[in-house]
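Q: Would you be able to build a 3D model of this:
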Amino acid sequence: MDIFVLLFSFFLILLAIGINKNWKVKSPLDHNYSIIIPCRDESENLPSLFKALDRISYPENRFEIILVNDASQDDSLSLIQKFCSERKNASYLSLTEKNRLYKGKKAALQSASKIAKFEFLLFLDADCFPQKNILQSYDTHITENRGLIVGNYRKSSFLSFEHFIDLMTAAINSATIGLGIPFSASGGNLLLRKKTFEEIGGYEKVKNQVAGDDKLLLKLVNETKWKIAYNADQIVETKNTKDKKHRHEQKKRKFGKLGMSSTFFKFLSFLILLFYLYFPFRLLTNFVWKEFLLYYASALVFWLINLQKHKAHLYLVDFWFLLVYPYYLIVYSVWGMFGKWHWKRQSSN
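A: Numbering: from 1, shown residues only. Model (predicted):
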């Protein structure tokens with residue numbers, strides 16, 4: 001038995017154990033929430049967002065909604081103003097121009113967090129659809145020592161491989177958090193204790209990064225005494241574009257954030273890259289059925305536990321995707337780190 005195949009199969013089982021960790025508390029308490037949503041040229045998505053926000057089932061006096069017009073050039077501000085004028089627990093901020101110091105949506109999030117009235121800040125995106133019980137779900141995951149809770153976030157995809165990619169991202173996030181070595185998060189569903197956010201200085205230390213408001217925030221919190229948890233129960237869905245070029249840019253941004261990771265994860269990613277370059281060479285030069293079956297069985301166990309955790313279905317095409325996804329990830333990770341990508345009329349090398 002090849003030692004590298006054996007070790008990597010064990011690594012996949014270890015990840016599966018991380019995914020399977022139970023984060024729920026036995027006796028959840030009621031909490032108060034400030035839902036913060038940055039909006040930049042989102043007039044097309046805001047009506048759907050507002051409907052989803054109106055469906056949130058939680059006492060109105062225990063949560064507020066803060067919308068931030070992030071220097072939009074469309075009708076976003078007027079839509080936001082109308083929405084807030086009709087609801088007692090909704091307010092807004094309007095940034096007239098993009099902040100040159102706080103890149104991406106960090107200025108919007110930072111500004112809203114300063115006026116937030118409640119203890120827990122829930123960061124969402126303007127093109128998302130939170131489920132109605134999202135706040136009750138977070139109630140069941142909050143403990144005194146948890147400063148950040150990473151939520152489940154995926155696209156309303158019309159493509160099966162896109163769906164697989166989002167589930168694999170959820171698997172990696174939940175597995176690494178479960179093992180106590182958090183890798184990444186999604187800014188479209190992220191719960192942060194206000195005290196924790198203030199303790200790390202908000203985005204001050206990472207303000208110059210165009211992207212990474214989620215991953216870099218996770219990294220900053222992980223350097224404190226606060227614990228990080230994962231909430232798989234409540235999915236926040238977002239629209240998926242049919243524009244292939246836009247989806248391509250999204251993937252370069254998403255997977256190109258590896259350079260923002262810790263030295264440990266950079267080294268681990270390098271080892272994983274080496275394995276996936278070595279494994280097909282090994283099979284081609286000295287194919288052993290037992291080695292292939294051990295690897296594939298480990299990958300399948302990892303995937304089945306992930307599907308159970310995130311209440312998703314197994315499809316026949318998943319058996320094929322498990323083989324091709326690692327190479328897809330490698331291509332986009334390298335492309336995103338060393339290529340040029342675009343985001344909302346901003347670009348980064």
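
Q: Name every strand pairing with the host helix or strand of S34 and say which way it goes.
A: Using DSSP states H and E, S34 sits within strand 33-39. Paired neighbours of strand 33-39 in the sheet (DSSP bridges): strand 63-70 (parallel), strand 120-124 (parallel).

Q: okay, these in CSV with mean neighbour count next?
A: From N, CA and C alone the C-beta is placed, and that goes for glycine too. Shown next, in CSV, are these (neighbours: other C-beta atoms under 10 Å):
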stretch, mean neighbour count
strand 63-70, 24
strand 120-124, 24
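
Q: among those, which is nearest Y325?
A: Distance to Y325, taken as C-beta to C-beta, is lowest for strand 120-124 among these, at 27.3 Å.

Q: Let me know the average pLDDT across that closest one.
A: Averaging pLDDT along strand 120-124 yields 97.

Q: what distance separates it from the centre of its chain?
A: Taking the mean C-alpha point of strand 120-124 and that of its whole chain, the gap between them comes to 13 Å (C-alpha atoms, centre = their mean, to the nearest Å).

Q: Run through the neighbouring helices and strands of whatever helix or strand comes next after the strand holding S34.
A: Tracing the chain past strand 33-39, the next element assigned as helix or strand by DSSP H and E is helix 46-54. Contacts of helix 46-54 with other secondary structure elements, assessed using 3 or more C-beta pairs under 8 Å, 6 or more residues apart in numbering; DSSP states H and E, are made with strand 33-39, helix 76-85, strand 128-130.

Q: ok, and for helix 46-54, which residues are buried?
A: Judged by neighbour count using 16 or more other C-beta atoms under 10 Å, the buried positions of helix 46-54 are L46, L49, F50, A52, L53.

Q: same thing with stretch 23-33?
A: Buried, per 16+ other C-beta under 10 Å, within stretch 23-33: W23, H31, N32, Y33.

Q: swap in stretch 216-224?
A: Within stretch 216-224, the residues scored as buried using 16+ other C-beta under 10 Å are L216, L217, L218, K219, L220, V221, N222.

Q: Please export the C-alpha coordinates of that stretch as PDB.
A: Once side chains and other backbone atoms are set aside, the C-alpha atoms of stretch 216-224 remain, and they are given as PDB (Å, rounded to 0.1, in the frame of the first residue of the first chain):
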ATOM      1  CA  LEU A 216      -9.500  37.900   6.800                       C
ATOM      2  CA  LEU A 217     -12.000  38.600   9.500                       C
ATOM      3  CA  LEU A 218     -12.000  34.900  10.400                       C
ATOM      4  CA  LYS A 219      -8.200  35.000  10.600                       C
ATOM      5  CA  LEU A 220      -8.300  38.100  12.900                       C
ATOM      6  CA  VAL A 221     -10.800  36.500  15.300                       C
ATOM      7  CA  ASN A 222      -8.900  33.200  15.300                       C
ATOM      8  CA  GLU A 223      -5.900  35.100  16.800                       C
ATOM      9  CA  THR A 224      -7.900  36.100  19.800                       C
END
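
Q: Report the distance from it to the chain centre.
A: Once both centres are worked out by C-alpha atoms, centre = their mean, stretch 216-224 turns out to sit 14 Å from its chain's centre.
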